[in-house]
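Peer 1: with the input below, show me the fold.
(2 chains)
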Protein chains: 2
Amino acid sequence: MCEASAYVITEEEPVLLMDFVDKVLPDEAGIRLINIFGDQKIIKGKIHSLSLVDHRIYIEENKS
Amino acid sequence: MCEASAYVITEEEPVLLMDFVDKVLPDEAGIRLINIFGDQKIIKGKIHSLSLVDHRIYIEENKS
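Peer 2: Okay, here's the model as predicted:
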């Protein structure tokens, strides 16, 4: 399985937001993350970068 | 290995842009894709969605 872990970038270490992420759906409201179990989270922000071989999604949170 | 294939969304079928994508780096200019061989492509557009279990990245190209 090639799901990834989603992290929020902070000034210090990236903070884990969700494991086993399958779907990532950016829209006007933010980024919807759906894991392989069907759990969902929405975070206000944008995709900073993906590092798929490392199974990592980095998200930059909106400060406002 | 958990690299993915990047597709551009079109009105018909998605069109393959790059296989074996590792890094995806969105910035002002567009989206930089880097595959596991170090090849790079930049496409003007934004990430439409990710489907990681299917190893797929969908990109929406800027029309302008």
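
Peer 1: so how many other residues sit close to A:Asp54?
Peer 2: Using other Cβ atoms under 10 Å in any protein chain shown, A:Asp54 is surrounded by 12 other residues. In short, each C-beta sits where N, CA and C put it, glycine included.

Peer 1: and A:Glu11, how far is that from A:Gly45?
Peer 2: According to Cβ to Cβ, to the nearest Å, A:Glu11 and A:Gly45 sit 15 Å apart.

Peer 1: of those two, which one has the most company?
Peer 2: In this view A:Glu11 and A:Gly45 are compared by other Cβ under 10 Å, and A:Gly45 has more residues nearby, 17 against 4.

Peer 1: name the nearest residue to that one, ignoring sequence neighbours.
Peer 2: A:Glu61 (4.1 Å; Cβ to Cβ, 6 or more residues apart in numbering or on different chains).

Peer 1: what about the helix or strand harbouring A:Ile57, average pLDDT?
Peer 2: Element membership for A:Ile57 (DSSP states H and E) is strand A:56-61. Strand A:56-61 carries an average pLDDT of 96.
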